[in-house]
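Peer 1: Just a sequence and a predicted model for now, questions to come.
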Amino acid sequence: MTLMNDIEKALVDLLSQSKAALTFEEIHKALLNLGINAQKKAVREALAGLIRSGIVIREPDYERKKMVFRIAEKH
């Protein structure tokens, strides 16, 4: 398993378990707390891949004035 696959799996697990959508900084901090010491660029690339494949959704949070990420609804 490659590092990117590890990051993608951790991202899916993290966002699946989260009740709220998370900002990039919250996601990166949570990964570090889980012991996944990934560079921000690698996390951004993994998130981008998950967004392109429809697994993760990126949307604005107007109250927080940030973009947030969440798992796409299952159909």
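Peer 2: Looks like it came in fine.
Peer 1: Tell me the helices and strands packed up against the helix or strand bottoming out on mean pLDDT in the chain.
Peer 2: Of all helical and strand segments in the chain, the minimum by mean pLDDT, DSSP states H and E falls on helix 3-17, at a mean of 90. Judged by 3 or more CB pairs under 8 Å, 6 or more residues apart in numbering; DSSP states H and E, the packing partners of helix 3-17 are helix 24-33, helix 40-52, strand 56-61, strand 66-71. Quick note: C-beta positions are derived from backbone N, CA and C, even for glycine.
Peer 1: In space, what's closest to the residue minimising distance to the centre of the chain - neighbours in sequence excluded?
Peer 2: Nearest to the centroid of the C-alpha atoms of the chain, with distances taken as CA atoms, centre = their mean, sits residue 11, at 4.5 Å. Nearest residue to residue 11, sequence neighbours excluded (CB to CB, 6 or more residues apart in numbering): residue 46, at 5.8 Å.
Peer 1: and of the helices and strands packed on helix 3-17, who's closest to residue 15?
Peer 2: Residue 15 sits nearest to strand 66-71 of all the helices and strands packed on helix 3-17, at 4.7 Å, using CB to CB.
Peer 1: can you list contacts of the closest one?
Peer 2: 12, 15-16, 18, 20-24, 27, 47, 51, 55-61 (CB atoms under 8 Å, 6 or more residues apart in numbering).
Peer 1: again with stretch 45-63
Peer 2: Residues from elsewhere that reach stretch 45-63, judged by CB under 8 Å, 6+ apart: 4, 7-8, 11-12, 15, 21, 23-24, 27, 38, 66-72.
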